[in-house]
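J.: When you get a sec, could you give me coordinates for this:
(chains A and B)
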Amino acid sequence: MKLEELAVRVIEAAEAEGVDFMGVGAIAAGAYGVPRSTRDIDLLVSVEVPGNVSALIRRLSDLVRFDGQVTFDTITWGRRHVGKSQSAPSFKVELFETFDDPFVRSEFSRRQRIFVPILQRQTWLPTPEDVVVQKLRWGRPKDLDDARDVLAVQGPETLDMGYIREWCGGHGTLDRLEAALDGIPPLD
Amino acid sequence: MALWPGRLFPVARPRFRIDPARLSRLGCGVMKVTDAEAAASLKAMQDDIYREKILRAREMTPEQRLADVFELSNHQLGMMHGGAMHRLGTTNPRKGWEELDRWMERLDRVREHRFYTTERRRA
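T.: Next comes the predicted model:
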């Protein structure tokens, strides 16, 4: 199985269960920055309809084995369901639940629909500004690289830097934003 | 690349000692490069490589970049699978995938250490 085949199956399952979602992680960062490899299909999934994430996990159960125990990231304490595809190669499916966080609510409400030819379907992605804010908030080395890449490829002049700075100010990540901008060499 | 026209020199401090006499016997000259020069050259080279990646990505549409994510991922996994089979000395692809799976699980544990937890706590 190829990664895109798994992505299609996960997206189809989410749509079938009426789970609102958007792609995050390397897929979202790659759409706006420098494409990099990944073995994860990461979705931010809405929990507005009670029980729909459990239904999605059940629907995927013939293909993806989810860990019975949810995990929490230690930055925002959001809930994450981690699954492993029962295929060769084995990929990871991570479902991050939306939760009562102003930024998560904002980025989800601003998600954009985009047609992805390799998937032969439309899917939902965050805006590039929200990818930058989210990546700077998490702050792992690969997140910081992704944020810098999105800033560099899109160009700060085309992005809503006021929106980015406002959220980074709230998250205490303005220093990371400045470091990311400083890391972009002159492109002329 | 026109960073250092007409000359080549090491850009990183070697982790082993270079014996100038041995290099001389091999017909190699040694250019003295200060740490500052080496660091500046390394930074210039990194910037050049990064600039090229950015400019290439800018020429692509989001759809093309997304396609690249999937193609790169499949390609990299294929290469790692080959590496796992070689490491095991097997021609059995299934064993290669199992070994690769083991590698990736170890990598996940390292990357997720202190970043994810199974107990919810408030910071």
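J.: what secondary structure does A:Val93 sit in?
T.: In three-state terms, and counting by DSSP: H, G, I helix; E, B strand; the rest coil, A:Val93 is strand.
J.: pLDDT at it, what is it?
T.: Per-residue pLDDT puts A:Val93 at 97.
J.: Is it correct that it is in contact with A:Leu60?
T.: Yes - with contact defined as C-beta atoms under 8 Å, A:Val93 reaches A:Leu60; the gap is 7.2 Å. (C-beta placed from N, C-alpha, C; glycine too.)
J.: Now for the two: what residues contact both?
T.: Shared contacts of A:Val93 and A:Leu60, defined by C-beta atoms under 8 Å, 6 or more residues apart in numbering or on different chains, comprise A:Val10, A:Phe66, A:Gly83.
J.: Neighbour count for A:Val93 and A:Leu60, which is higher?
T.: Per other C-beta atoms under 10 Å in any protein chain shown, whichever of A:Val93 and A:Leu60 has more neighbours is A:Val93, with 25 against 22.
J.: State the three-state secondary structure for the closest residue to that one other than its chain neighbours.
T.: Counting by C-beta to C-beta, 6 or more residues apart in numbering or on different chains, A:Val93 lies nearest to A:Gly83, which is 4.2 Å off, once chain neighbours are set aside. In three-state terms, and counting by three-state DSSP, A:Gly83 is strand.
J.: Enumerate every residue touching A:Gly83.
T.: Neighbours of A:Gly83 in contact, by C-beta under 8 Å, 6+ apart: A:Ile57, A:Leu60, A:Val64, A:Arg65, A:Phe66, A:Asp67, A:Lys92, A:Val93, A:Glu94, A:Leu95.
J.: Now list the buried members of those.
T.: Buried by 16 or more other C-beta atoms under 10 Å in any protein chain shown: A:Ile57, A:Leu60, A:Val64, A:Arg65, A:Phe66, A:Lys92, A:Val93, A:Glu94, A:Leu95, out of those.
J.: Which pLDDT does the model give the second one?
T.: At A:Leu60, the model reports a pLDDT of 97.
J.: sorry, back to before: out of the shared contacts of A:Val93 and A:Leu60, who's nearest B:Ser73?
T.: A:Val10 (14.5 Å; C-beta to C-beta).
J.: How much space separates the closest one from A:Val133?
T.: 25 Å (C-beta to C-beta, to the nearest Å).
J.: burial count for B:Met45?
T.: 14.
J.: Now it. Its backbone dihedrals?
T.: phi -70, psi -40 (degrees, to the nearest 10).
J.: Which pLDDT value goes with it?
T.: 91.
J.: what's the answer for A:Ala31, then?
T.: For A:Ala31, pLDDT reads 95.
J.: Now do the helix or strand encompassing it: which elements does it pack against?
T.: In this assignment (DSSP states H and E), A:Ala31 forms part of helix A:26-32. In terms of contacts (3 or more C-beta pairs under 8 Å, 6 or more residues apart in numbering or on different chains; DSSP states H and E), helix A:26-32 is packed against strand A:40-45, strand A:121-125, helix A:128-138, helix A:141-154, helix B:62-88.
J.: Show me which residues of the fourth one are buried.
T.: The one in question is helix A:141-154. Across helix A:141-154, burial judged by 16+ other C-beta under 10 Å covers A:Asp143, A:Leu144, A:Asp145, A:Asp146, A:Ala147, A:Arg148, A:Asp149, A:Val150, A:Leu151, A:Ala152, A:Val153, A:Gln154.
J.: among those, which are in reach of chain B?
T.: Counting by C-beta under 8 Å from any C-beta of the partner chain, the subset of the buried residues of helix A:141-154 that neighbours chain B consists of A:Asp149, A:Ala152, A:Val153.
J.: could you list every residue that touches the second one?
T.: The reference is to A:Ala152. A:Gly33, A:Val34, A:Ile184, A:Leu187, B:Tyr50, B:Ile54.
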